[in-house]
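Chemist: after the sequence you'll find the predicted model.
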Number of protein chains: 2
Amino acid sequence: MSERILLSHGSGGDLTHRLIEQLFVRHFDNDLLRRLSDSSLLGACPDQALFTTDSYVVDPIFFPGGDIGKLSVCGTVNDLAVAGARPAYLSAGFIIEEGLPMEDLEQVVVSMAREAQQAGVQIVTGDTKVVNKGKADKIFINTSGVGFLHPHFGGSVNGGGLKKGDQIIVNGNLGDHGIAVLAAREDLEISSQIRSDCASLNGLISQVLDRVEGIRMMRDLTRGGLATVMCEIARQNNLGIRLAEEAIPTDEQVRGMCEMLGLDPLYLANEGKFIAIVDARSADQLMDVMRADPLGRNARIIGEVNDDHPARVVMQTRIGGRRIIEMLTGEQLPRIC
Amino acid sequence: MSERILLSHGSGGDLTHRLIEQLFVRHFDNDLLRRLSDSSLLGACPDQALFTTDSYVVDPIFFPGGDIGKLSVCGTVNDLAVAGARPAYLSAGFIIEEGLPMEDLEQVVVSMAREAQQAGVQIVTGDTKVVNKGKADKIFINTSGVGFLHPHFGGSVNGGGLKKGDQIIVNGNLGDHGIAVLAAREDLEISSQIRSDCASLNGLISQVLDRVEGIRMMRDLTRGGLATVMCEIARQNNLGIRLAEEAIPTDEQVRGMCEMLGLDPLYLANEGKFIAIVDARSADQLMDVMRADPLGRNARIIGEVNDDHPARVVMQTRIGGRRIIEMLTGEQLPRIC
């Protein structure tokens, strides 16, 4: 293969074929992909199907704890998992800037393959486009995903159905992804040991659904962070949400960086964090299941649902005050995922 | 809404929400999308499921006969349809360059909505990313699609199973899309009346599957054109393909433009053309069904499968000679779709 991506790799002709066979099929290897059909025949569906999509444009494409390839698998797997689905199949659509070093593409592809294997999903169909140098930034990846509803999920796919007293639990520290990507940007001379939390949550979520009753809903905490998700949920259910600042887990270094840069961890993107809202009677059981998993070791109960201030999210601060939490306005960090 | 796309439209915060509600949900309007869940619950599958993906990077984004929005729906609908599926659900992933006029985005979205309605598919899930000015070129769209196997399709999803004597039929003129897009490029001062053939073929293909037995396989003729698709099929089946040059339908203006520009219509991208390979006994019936549909009015039998020259495509030329057809090498026209 050539050392760099050429426009011809996106022509649909012989170089496209070689790229597909020597790179994508080799690494993503599975029976469905090997058929090299434009559409992949998944067969009969074991349960109700769910469908999602996300494009990834993170800058830089490699960062501590992950890269755009790993992110593109985790992100879409997590979208399905928090909706109560068992993720099964992914598509991969690449938009590549002419001149991208082939070894960078291979590293991204290897990373996708590894994460897909880890998460137990298959990349079964794909597409490659190449645009002239300067018309895209290195590589953008779209992954869409198909999953099937977990038989034990009795909650709401779209996040309704909350009740007063429900407990809100997060599986760990907030803000690691946002800070890790920011620190990796070439134009910022920051060094830190913070790694992105980028991880597929479907294994942990499957444990939760198998072993905990009364899960009302789950949501991943990506762009817009915990604050934005909480505001969406409060509005949608026309119920209040109370968060306890002292209960919200963050890494000390992340807090320090946020203070230095004027950022708020509540609004930072995470790629391995989700909240579950659960019937209060099951909160302890959920905490036990979470904490038994490496991805939930630092889980915390961070708040509860109430009817005191419908459609509002209120934070009880460390010093005993209260402040209203708003949805993210403006843009804190472009191209964080 | 603001007049141009801002980075904040991709933040996941309040501007993203407004864009989703005021633009995407308004135009793509359907029950599944209105739930505003990150994953769309499709429900039980009526038949075996198929899954496909394509990214669209066509330049310019508006061209005679279509735009990137229409193309992004047709292209993915057609990928499913030629695999024997009834397309049902699409995802839409937007990567937008900061500063894109909002009216351009709206025009693209309206065009997607109209084509989706025409094709009878629903856009049920989506994603929007915005990148800084100069880091993408106006707008790139990924659509992934889920469809269900047509109950009458006994052919091969991935294009195997051909027999000697099978007839090859195309539904109309080749090369219109490639030439229409080329002529629309600002840097080329060519005026022509040629319009892209961009169209959803699932209606016509459904007619074909309902009424014609012995369809071995179908393929759409996008990037790489007829020549590349024929080479793929010949290799995959280890059978020969003979094409008759005089039978291959092309518009006179397209032929003229191709001669002038040194292009070959056999390699040009089409966005509303497909070939069906059919048992010779059903060829007439297939021709009748094709020609009764506006999208197949100019259908022709263009060749047949043989065992004279395995894995090779041979063209019988107008002047009685023979030449071997190779897969597209290099890149004729970058960003044609």
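Modeler: On my side now, so go ahead.

Chemist: got phi/psi on the one residue in the stretch 101-250 of chain A that gets nearest to chain B?
Modeler: Closest residue of the stretch 101-250 of chain A to chain B, CB to the nearest CB: residue A:223 (2.8 Å). C-betas here are computed from N, CA, C, even on glycine. Note on residue A:223: its backbone torsions stand at phi -50, psi 130 [degrees, to the nearest 10].

Chemist: pLDDT score for it?
Modeler: Listed pLDDT for residue A:223 reads 92.

Chemist: show me which strand runs longest in chain A.
Modeler: Longest strand of chain A, by residue count under DSSP state E: strand A:85-97.

Chemist: low-confidence stretches in the stretch 51-200 of chain A?
Modeler: Along the stretch 51-200 of chain A, segments meeting pLDDT under 70 span A:186-190.

Chemist: show me the helices in chain A, by range?
Modeler: Applying DSSP state H to chain A gives helices spanning A:14-19, A:26-28, A:31-34, A:68-82, A:102-119, A:176-184, A:202-211, A:225-237, A:252-261, A:283-291.

Chemist: wait, which of these is closest to residue B:98?
Modeler: helix A:176-184 (18.5 Å; CB to CB).

Chemist: helices or strands next to the closest one in the packing?
Modeler: Under the contact definition 3 or more CB pairs under 8 Å, 6 or more residues apart in numbering or on different chains; DSSP states H and E, helix A:176-184 sits against strand A:62-63, helix A:252-261.

Chemist: weakest of those in terms of mean pLDDT?
Modeler: Note on the helices and strands packed on helix A:176-184: lowest mean pLDDT is at helix A:252-261, with a mean of 93.

Chemist: circling back to that earlier point, could the C-alpha coordinates of the longest strand of chain A be exported in PDB?
Modeler: The C-alpha trace of strand A:85-97 is given here as PDB (Å, rounded to 0.1, in the frame of the first residue of the first chain):
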ATOM      1  CA  ALA A  85     -30.100  -2.200  23.900                       C
ATOM      2  CA  ARG A  86     -27.500  -4.800  23.500                       C
ATOM      3  CA  PRO A  87     -25.300  -3.300  20.700                       C
ATOM      4  CA  ALA A  88     -24.700  -5.900  18.000                       C
ATOM      5  CA  TYR A  89     -23.600  -4.300  14.700                       C
ATOM      6  CA  LEU A  90     -21.800  -1.100  13.600                       C
ATOM      7  CA  SER A  91     -21.200   0.600  10.300                       C
ATOM      8  CA  ALA A  92     -18.100   2.600   9.700                       C
ATOM      9  CA  GLY A  93     -18.100   5.600   7.300                       C
ATOM     10  CA  PHE A  94     -14.700   7.200   6.800                       C
ATOM     11  CA  ILE A  95     -14.100  10.700   5.300                       C
ATOM     12  CA  ILE A  96     -10.400  11.100   4.900                       C
ATOM     13  CA  GLU A  97      -8.200  14.000   3.900                       C
END
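
Chemist: check contacts around residue A:315.
Modeler: A:242-245, A:322-325 (CB atoms under 8 Å, 6 or more residues apart in numbering or on different chains).

Chemist: 7 Å instead?
Modeler: By CB atoms under 7 Å, 6 or more residues apart in numbering or on different chains, residue A:315 lies in contact with A:243, A:245, A:322-323, A:325.

Chemist: give the buried subset of those as a ChimeraX selection command.
Modeler: The buried residues among these can be selected in ChimeraX (16 or more other CB atoms under 10 Å in any protein chain shown) with this line:
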select /A:243,245,325
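
Chemist: need the residues of the stretch 101-250 of chain A near chain B, please.
Modeler: Proximity of the stretch 101-250 of chain A to chain B, by CB under 7 Å from any CB of the partner chain, involves residues A:124-127, A:129, A:131-132, A:135-137, A:140, A:142, A:144, A:146, A:157-159, A:222-224, A:228.

Chemist: select only the buried ones of the residues you listed in PyMOL?
Modeler: The following PyMOL line selects those of these that are buried, judged by 16+ other CB under 10 Å:
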select buried, chain A and resi 124+125+126+127+129+131+135+136+137+140+142+144+146+157+158+159+222+223+224+228
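
Chemist: list the ones among the residues of the stretch 101-250 of chain A next to chain B that fall in strands.
Modeler: Those of these mapping onto strands are A:124-127, A:129, A:131, A:140, A:142, A:144, A:146, per DSSP E.

Chemist: got those residues as a markdown table, with distance to residue B:115 columns?
Modeler: Putting these into a markdown table (distance: CB to CB, whole Å) gives the following:
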| residue | distance to residue B:115 |
| --- | --- |
| A:124 | 25 |
| A:125 | 21 |
| A:126 | 23 |
| A:127 | 19 |
| A:129 | 20 |
| A:131 | 23 |
| A:140 | 23 |
| A:142 | 19 |
| A:144 | 19 |
| A:146 | 23 |
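
Chemist: and those residues, which two are the farthest apart?
Modeler: Within those, A:131 and A:146 form the most distant pair, 27.4 Å apart (CB to CB).

Chemist: and for residue A:197, nearest residue in space, chain neighbours not counted?
Modeler: Spatially, and ignoring its direct neighbours in sequence, residue A:197 is nearest to residue A:272 (3.7 Å; CB to CB, 6 or more residues apart in numbering or on different chains).

Chemist: what sits against that neighbour?
Modeler: Counting by CB under 7 Å, 6+ apart, residue A:272 touches A:74, A:197-199, A:201, A:295.

Chemist: where's it relative to residue A:56, distance?
Modeler: Applying CB to CB, to the nearest Å, the value for residue A:272 to residue A:56 is 15 Å.

Chemist: ok, back up a step: adding pLDDT, write the contacts of residue A:315 out as a markdown table.
Modeler: A markdown table is the format used below for those (pLDDT from 0 to 100):
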| residue | pLDDT |
| --- | --- |
| A:243 | 98 |
| A:245 | 96 |
| A:322 | 96 |
| A:323 | 95 |
| A:325 | 96 |
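
Chemist: for the contacts of residue A:315, which one is nearest residue A:13?
Modeler: Nearest to residue A:13 among the contacts of residue A:315 is residue A:325, at 53.1 Å by CB to CB.

Chemist: next, count neighbours for the residue lying closest to residue A:91 once chain neighbours are set aside.
Modeler: Nearest residue to residue A:91, sequence neighbours excluded (CB to CB, 6+ apart): residue B:53, at 3.5 Å. Neighbour count for residue B:53, taken as other CB atoms under 10 Å in any protein chain shown: 27.

Chemist: ok, residue B:53 touching residue A:95?
Modeler: No - here residue B:53 lies out of contact with residue A:95, judged by CB atoms under 7 Å, at a distance of 11.8 Å.

Chemist: most centrally placed residue in chain A?
Modeler: Nearest residue to the geometric centre of chain A (CA atoms, centre = their mean): residue A:75, 3.2 Å.

Chemist: in contact with that residue, which residues?
Modeler: Neighbouring residues of residue A:75 by CB under 7 Å, 6+ apart: A:54, A:56, A:222, A:271, A:337.
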